[in-house]
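Peer 1: Sequence first, predicted coordinates after that:
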Amino acid sequence: MAPAIRRLGGYLTRHVDGMLLGTVLVLMAVGIGVLFSASNASVARISSQLMNILVALGIMWAFANVPPQHLRRLALPSYLLGVLLLVCVALFGEIANGARRWLHVGITRIQPSELMKIAVPLAMAWYFDRYEATLRLSNYVTAAVMLLVPVALIVRQPDLGTSMLISASGFFVLFLAGLSWRIIVGLAVAGLASLPLVWSVLHDYQRQRLLTLIDPAQDPLGAGYHTIQSTIAVGSGGVLGKGWLNGTQTHLDFIPERTTDFIFAVFSEEFGLFGNVVLLVLFLLVIARGMVITANAPTLFARLLAGAITLTFFTYAFVNMGMVSGILPVVGVPLPLISYGGTSLVSICIGMGILMSIATHKKLVQT
Amino acid sequence: MPELVINQGVEIRNAQLELHRFRVRLAVSFVLVLAVYAVLVGRFFYLQVVKHGELHTLAEANRISIVPVVPNRGIIVDRNGTVLAHNYSAYTLEIQPGKVDDLERTIDELATVVEIAARDRRRFKRLMEESKGIGSLPIRTRLTDEEIARFAANRYRFPGVEINARLFRQYPQGELFSHVVGHIGRINQKELDQLEADDRLANYRGTDYIGKIGLEQSYEQALHGTTGVEEVEVDSGGRAVRTLSRTPPVSGNNLVLKLDARLQEIVYRAFGDFRGALVAIEPATGGVLAFVSKPGFDPNLFVDGIDPHNWSELNDSPDRPMVNRALAGTYPPGSTFKPFMALAALTAGKRSPQQTISDPGFFSFGGHVFRDDKVGGHGLVDMYKSLVASCDTYYYMLGNDLGIDGISRFMSLFGLGSRTGIDIKGEATGVLPSQEWKRQRFKRPEQQKWYAGETISVGIGQGYNAYTPVQLASAIATIANNGVMFRPHIVNYVEDIRTHERSVVEPSPLRTLPVKPEHLAFVQQALIGVNKEGTGARAFAGAGYVSAGKTGTAQVVGLKGEKYVESRVRERHRDHALFIAYAPADAPKIAIAVVVENSGFGARYAAPIARAVFDYYLLGKTPAALKDEGDKADEDGSRD
């Protein structure tokens, strides 16, 4: 009996990274705690999120067991499928909330831009890995085009938040793949110079969000309302917070989207600066572990993929907390592993699973 | 190991070097991550430590809402405790426009549950515009129990609609007291500005109504009370979650009037179909016993906001029911001016009581003939007879002798031509003519000059003379009270609802007139004579008390040299009948001034009303048929 259990245990944990899993589970537990408060102890929300967590952990485990070279094979097809679907969205997509993001596929509808969050760094890592021995400027240009095609399609939907996050993950691949510093600086300068042009193509609501960021009081009942109320929540939390379940901003319904995108306001109000720092440390643990896995990854493909996943995870957390605390515009980015919602949980856990896979398969590959 | 080289000029990279470069880049990105997190921590520090106090205050301000608790408005009762204005609680159906997406549809659906008339919709629309959709606005008031039950069963269909118990003002006496008690109505912008200027706005938070006219207006501060405060925790939708603290409101004070509701009603009925005004004053205190302006209107119509139909009906009526005749109506006093003229002559030493004139029936002055009503004249007339028989010629001459400014100076002592200061607003000044008055009244120099001939008409209470019934009542009350004058006041005292402490409105006299007691006594005797053997005798025949009075008739349209024949004159051009009187003559309890508009002779129409008032007030008699008696009066050929 005992050896059988041990064998089963061994099979289950063979490709699981203990430290990553531990930190992820702690973050998920924090998330459930905050959700309990944010949802006013809604049993439906809690049980639904627990369900999401179970599914996400299952998918994470599955991806941890997929060797990186199998992923490598899937890179190009998933990327091409993604682009195709984005084109379909542009042509026949369904409009919801003023944006064309959804595609009807038989009985359900899908949001191809979600797929691209993984597919873009996967494909770019694959591309650099393939031309590893002979990398030149033209390869970077090609990789950049691979990034810009889906980004352009997503910008047009319009979905500024997602396209910027995908741009970030693609940029991380380019950066880690050794894009010349001169080009990076050049791009930064060009980017700043082209801001007026970007401004001119932005939609009104997008401009409003940016203006509101500069001065939320300008539109206190409209676009600025989220920022003002979440900033008040964060600030009123003080050093130690108001205590779990005691956030007045939260419980009196002043924080919009308080179980999803703005859940950090709830956390911050109830646990204060102390809680925020603890949360940042937890995120940093995930990022640091991801960096270690990246640094030790056996192939360029694995390194680029792991690096992009780690930095994208960081970006999500930063953008969300920056938005809630009022230093970044309001974009629909959930707080990784904390916010309520299955989609973001699953996509984060796929990333974690891939990291685990890279961490645990390297010995096999190296031989 | 040598560097690996090279087919076809393609460089094979050094794997170790590449790995090293990669790790450097990774380290750079980790440093960037730390730097960015440091920015976040800095932001958190700024918000949660530096700005904590400010943002904490904002969160509390979000959380805590100060809800005003509106005090109960004080009630108004007459001297016997008869209720003239009170509050009752009723259920209203209210909509919070901010919480309702489609107002029209919601109201349409509500109409299937409770009755909503077109009038309710119009009023709601007007309230929407006035309030700009803020707060809770009534769509229906005074719901029946059945309607409440029906709405309660359908409540889930109507988010943002609720039933509230509200206090409503009601005037149970209806139009009887419309011009005294007045009414409240929704606060308008002008009143808001005034409240703000007076620094009273805070006390009106939550209050929708304010006194508009009458006592409701002039005693607004006493009636309103002090608004209480409830600190409640609210959610972002403004719904109260729980009460944190409460300072109860202090109810407004009650008004207890000098006025007698029964007397008021008798006066009102005594007018029959005539328009007019009557003010009755207790001479020893200045307290107003009856204050009638007829026609009146139903003040209850105004409480919730009057609907356009009723408003135009009241506003366009030729009877002008909205005008407070007793307060703002100005009438030439006619012969009721004569006792004051006589007193002026005695005081100025221009006449002695015994001095007689010979009355040929007219008085010529400057080529103009001033007629007496009695054709052929009254013969030899002394001062007593001049009042009892109301001889015009005597006063034409007296007016000429006193001069306009002499008349004016003396009459101003009685408060004629200036506001009495009665405790309701909107009082007219009237006109006490003088040379100075004419200079200021007219623009062109030729109009500004006073002509001696004009003084002659003033002597018999015509010409520019115009006084309000309140002024006349106050003046005759002063004669009755031996020259001691009080400011007329309707409210006897204001009663604090908690301590039952009473603050009396007008406890001490205004002034004592500088007239000799023997002069006053003479005029008083002459006025007794009027009701005993003169123009008022018919109306006061068989009265169980001794009264003093003076009849008067005020011309509405000047008739040039013609004899006035009542039946030939159009109704609106008929003379106003006046009567001033007091009783009992030895110790006056009540003094009155009556104006009956467009009725005809004062003795015939106004004096009987005074008789009815005295009979009730002094003897407790309720008159049966006033008009029949009036028809028989006044047959001696004299108008007054």
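Peer 2: Done, it's in.

Peer 1: how much distance is there from stretch B:591-601 to the middle of the chain?
Peer 2: 22 Å (CA atoms, centre = their mean, to the nearest Å).

Peer 1: Kindly export that stretch (C-alpha atoms) in CSV.
Peer 2: Extracted in CSV, the C-alpha atoms of stretch B:591-601 (Å, rounded to 0.1, in the frame of the first residue of the first chain):
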residue,chain,number,x,y,z
ALA,B,591,-63.7,98.0,18.0
ILE,B,592,-64.3,97.3,14.3
ALA,B,593,-63.8,98.7,10.8
VAL,B,594,-66.0,97.3,8.0
VAL,B,595,-65.8,97.9,4.3
VAL,B,596,-68.5,96.4,2.1
GLU,B,597,-67.4,96.8,-1.5
ASN,B,598,-69.8,98.1,-4.1
SER,B,599,-72.8,97.8,-1.9
GLY,B,600,-74.0,101.3,-1.4
PHE,B,601,-74.7,103.3,1.7
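
Peer 1: Give me the mean pLDDT for that stretch.
Peer 2: Average pLDDT, stretch B:591-601: 87.

Peer 1: now stretch A:172-191
Peer 2: For stretch A:172-191, the mean per-residue pLDDT is 89.

Peer 1: and what of stretch A:57-70?
Peer 2: Stretch A:57-70 carries an average pLDDT of 94.

Peer 1: for the lengthiest strand in chain B, packing partners?
Peer 2: For chain B, the longest strand by residue count, based on DSSP state E, is strand B:83-95. The contact analysis (3 or more CB pairs under 8 Å, 6 or more residues apart in numbering or on different chains; DSSP states H and E) places strand B:83-95 against strand B:76-77, helix B:103-111, strand B:137-140, helix B:145-154, strand B:161-170. Glycine gets a C-beta too; all of them are placed from N, C-alpha and C.

Peer 1: buried set for it?
Peer 2: Within strand B:83-95, the residues that count as buried by 16 or more other CB atoms under 10 Å in any protein chain shown are B:84-87, B:91-95.

Peer 1: give the contact list for residue 275.
Peer 2: In the absence of a named chain, this looks at chain A. Applying CB atoms under 8 Å, 6 or more residues apart in numbering or on different chains, we find A:Gly275 in contact with A:237, A:241, A:267-268.

Peer 1: wrong one, I was asking about chain B
Peer 2: The contact partners of B:Arg275, taken as CB under 8 Å, 6+ apart, are B:294-295, B:319, B:325, B:596-598.

Peer 1: swap in B:Pro249?
Peer 2: B:69-72, B:225-228.

Peer 1: and if you look at A:Phe264?
Peer 2: A:Phe264 makes contact with A:230, A:320-321, A:324-325, A:335, A:338, according to CB under 8 Å, 6+ apart.

Peer 1: How about chain A: which residue is closest to chain B?
Peer 2: As assessed by CB to the nearest CB, chain B sits closest to A:Gly235 within chain A, at 2.9 Å.

Peer 1: Check which element follows the strand or helix carrying that residue along the chain.
Peer 2: Here A:Gly235 sits within helix A:223-237, counting by DSSP states H and E. Remark: after helix A:223-237, the chain's next helix or strand is helix A:248-251, criterion DSSP H and E.

Peer 1: other SSEs contacting that following helix?
Peer 2: Counting contacts by 3+ CB pairs under 8 Å, 6+ apart, helix A:248-251 packs against helix A:18-38, helix A:223-237, helix A:263-295, helix B:52-63.

Peer 1: now the second one against helix A:263-295, angle please.
Peer 2: Which is helix A:223-237. 80 degrees (axes from the mean of the first three to the mean of the last three CA atoms, to 10 degrees).

Peer 1: quick one, helix A:223-237 and helix B:52-63 angle?
Peer 2: Orientation note: helix A:223-237 sits at an angle of 120 degrees relative to helix B:52-63 (the same axes, to 10 degrees).

Peer 1: Can you give me the neighbour number for residue 168?
Peer 2: By default, I'm working from chain A. Applying other CB atoms under 10 Å in any protein chain shown, we find 18 residues neighbouring A:Ala168.

Peer 1: wait, chain B
Peer 2: Using other CB under 10 Å: B:Phe168 sits among 17 other residues.

Peer 1: show me where the stretch 101-250 of chain A has helices.
Peer 2: For the stretch 101-250 of chain A, the helices defined by DSSP state H, counting those that start in this stretch cover A:112-130, A:137-155, A:160-176, A:181-193, A:195-201, A:204-214, A:223-237, A:248-251.

Peer 1: Nearest to B:Tyr451 among those helices would be which one?
Peer 2: Closest to B:Tyr451 of the helices of the stretch 101-250 of chain A is helix A:223-237 (CB to CB; 75.9 Å).

Peer 1: just checking, what packs against that closest one?
Peer 2: When contacts are defined as 3+ CB pairs under 8 Å, 6+ apart, helix A:223-237 packs onto helix A:204-214, helix A:248-251, helix A:263-295, helix A:300-324, helix B:52-63.

Peer 1: quick one: that helix to helix A:300-324, angle?
Peer 2: Using the same axes, to 10 degrees, the direction of helix A:223-237 lies 90 degrees away from that of helix A:300-324.

Peer 1: hang on, the earlier thing: chain center to the helix holding A:Gly235: distance?
Peer 2: Centroid separation between helix A:223-237 and its chain, computed with CA atoms, centre = their mean, is 23 Å.

Peer 1: Which of the helices of the stretch 101-250 of chain A comes out lowest on mean pLDDT?
Peer 2: Lowest mean pLDDT within those: helix A:204-214, a mean of 72.

Peer 1: wait, what's in contact with the spatially most central residue of chain A?
Peer 2: Residue closest to the mean C-alpha point of chain A, counted by CA atoms, centre = their mean, is A:Tyr316 at 4.4 Å. Taking CB under 8 Å, 6+ apart, we find A:Tyr316 in contact with A:165, A:333-336, A:348.
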